[in-house]
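Colleague: Curious how this folds, go ahead:
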Amino acid sequence: MTENPPQKPDYPELSRQIKAWAREAGFAEARITRAELPPEAEARLNDWLAAGYHGEMDYMARHGAMRVRPAELVPGTLSVISLRMNYWPASRPAEQVLADASRAYLSRYSLGRDYHKVLRNRLQKLAERMESAIGAFGYRVFTDSAPLAEVALAAQAGLGWRGKHTLLLTKQQGSLFFLGEILTDLPLPPDEAEDGHCGRCTRCMDVCPTGAIVAPYTVDARRCISYLTIELKTAIPQPLRPLIGNRVYGCDDCQLFCPWNRFSVETGETDFAVRHGLDGASLVELFGWSAEDFRERMAGSPIYRIGYHKWLSNLAVGLGNAPTTEEVVAALKSRLDFPDELVAEPVRWALSRHGVAV
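Modeller: Presented below is the predicted three-dimensional model:
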């Protein structure tokens, strides 16, 4: 007697189960799309790279078209499960911190634990739950960790639509969530894309402090505060420094003023809760941290990866834009002889902003 061959999964039913299991795992929503994007997605990427809008993010050009070809990133991929997890923490109101130039504004996604670790762990557990239900299958999990056009795939899956600021938007949570993916060789039925709902609104473009959203759906990273304070390895260019204000790690302005974010809710994820009072700490306080303070307090934080010197460099720019006080000037003077020009040069610039000759 021969054994009965294993039954092929009921893929529509499996798709429904995956979405339910995703919610149980802490994701707000999961949708599914095919592992390919239309040719225009690759054309847009090539135009963006040709314009130099990626700045010094050489990896964007290095991986090229692979970003829009998931089946080349992971051979055998047939489906992409796209998921989102809400992150906005209970914190001091963002607008209040931005209005107080003596405080440091850090993008709200960065106030808790590193989302890469949190999402990757949840994605892996979801994949293992699928495996326990249907047996072994091919997959890999990603969250902002590979050359993958996450927003384009999420939009194609109907998880939301791309806003003019290039982030994914939903009616339920605006854009205040992280994205993650499971690339799999399962032929899951794809969901339908959602039409966009930005209409004539240009609020995100109008409020960008540095004018980085140069056209609808196009960001020049070289002017984007998130790029300047995180991805750029050198000091923020001097012409842009006055526009930075007190934003020393990332920027949320295009999201804060987006009408769809009126409907967002705070996350229930304790991993994203504010740590070390980072939702409203003063620039002077953070600038006074030693290298050891930075290592201890930023361990497990997404901020840790920019390093201590870039951290101080960004804070020096923030202090240059802060109101002139004895405390601010004293803090800056204490770093005048810093051995790395990444810090020392912005310190001199900041002191000159306060009328102090150096």
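Colleague: And the helices in the stretch 201-350 of the chain?
Modeller: Taking DSSP state H, counting those that start in this stretch to define them, one finds helices in the stretch 201-350 of the chain at 203-207, 225-226, 241-244, 253-256, 283-287, 291-298, 308-320, 326-333, 341-353.
Colleague: Among those helices, pick out the one with the most neighbours on average.
Modeller: helix 308-320 (a mean of 26; mean count of other CB atoms under 10 Å). Where you see a C-beta, it was placed from the backbone N, CA and C, and this is true even at glycine.
Colleague: quick one: low-confidence ranges for the chain?
Modeller: Counting by pLDDT under 70, the chain contains low-confidence ranges at 1-6.
Colleague: tell me the domain ranges of it?
Modeller: Domains of the chain are assigned by automatic domain parsing as 11-90+110-184, 203-353.
Colleague: Just the terminal-to-terminal distance for the shortest one.
Modeller: So that's domain 203-353. The first residue of domain 203-353 is 31 Å away from its last residue (CA to CA, to the nearest Å).
Colleague: Which residue ranges of the stretch 101-250 of the chain form strands?
Modeller: Taking DSSP state E, counting those that start in this stretch, the strands of the stretch 101-250 of the chain run over residues 105-106, 139-142, 161-162, 168-169, 177-184, 213-215, 218-219, 247-249.
Colleague: Check the gap between Tyr249 and Ser107 for me.
Modeller: Separation of Tyr249 from Ser107 (CB to CB, to the nearest Å): 6 Å.
Colleague: So the two - more neighbours on which side?
Modeller: When neighbours are counted by other CB atoms under 10 Å, Tyr249 comes out ahead of the other of Tyr249 and Ser107, with 26 against 21.
Colleague: so the more buried one makes contact with Ile303?
Modeller: Yes - counting by CB atoms under 8 Å, Ile303 is a contact partner of Tyr249 at 5.7 Å.
Colleague: Residues in contact with both of these two, list them for me.
Modeller: Leu106, Ser110, Trp311 (CB atoms under 8 Å, 6 or more residues apart in numbering).
Colleague: In terms of distance to Trp48, which of those ranks first?
Modeller: Proximity of those to Trp48 (CB to CB) peaks at Ser110, which lies at 24.9 Å.
Colleague: residues contacting Phe338?
Modeller: Here Phe338 is in contact with Leu312, Ala344, Val347 (CB under 8 Å, 6+ apart).
Colleague: And Glu42, by the same measure?
Modeller: Residues in contact with Glu42 (CB under 8 Å, 6+ apart) are Ala65, Val68, Arg69.
Colleague: Can I get the buried ones among those as something I can paste into PyMOL?
Modeller: Per 16 or more other CB atoms under 10 Å, the buried members of these correspond to this PyMOL selection:
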select buried, resi 68+69
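Colleague: Quick check: the gap between the closest residue to Thr325 other than its chain neighbours and Gly280.
Modeller: Using CB to CB, 6 or more residues apart in numbering and skipping the chain neighbours, the partner closest in space to Thr325 is Ser102 (7.7 Å). Per CB to CB, Ser102 is found 10 Å from Gly280.
Colleague: what do you get for Asn46?
Modeller: Taking CB to CB as the measure, Asn46 and Gly280 are separated by 42 Å.
Colleague: Then Gln7?
Modeller: To Gly280, Gln7 is 57 Å away according to CB to CB.
Colleague: Looking at the two, which one has more neighbours?
Modeller: Higher neighbour count among Gln7 and Gly280: Gly280, with 17 against 8, using other CB under 10 Å.
Colleague: which residue packs closest to that one, ignoring adjacent ones?
Modeller: Arg92 is the one closest to Gly280 (CB to CB, 6+ apart), at 4.0 Å.
Colleague: Next, the contact list for Gly196, please.
Modeller: Trp161, Arg162, Gly163, Leu169.
Colleague: ok, now with 6 Å
Modeller: If you count contacts by CB atoms under 6 Å, 6 or more residues apart in numbering, Gly196 has them with Trp161.
Colleague: what's the answer for Tyr11, then?
Modeller: By CB under 6 Å, 6+ apart, the residues touching Tyr11 are Leu188, Pro189.
Colleague: Could you give the backbone dihedrals for it?
Modeller: Phi and psi for Tyr11, reported as degrees, to the nearest 10, are phi -60, psi -40.
Colleague: How about Ala193?
Modeller: Ala193 has phi and psi values of phi -70, psi 160 when expressed as degrees, to the nearest 10.
Colleague: Also Arg34?
Modeller: Dihedral angles (degrees, to the nearest 10) for Arg34: phi -70, psi 160.
Colleague: Excluding chain neighbours, what is closest to it?
Modeller: Of all residues not flanking Arg34 in the chain, Pro190 sits nearest, at 5.0 Å (CB to CB, 6+ apart).
Colleague: Having no further points to raise, I will conclude here.
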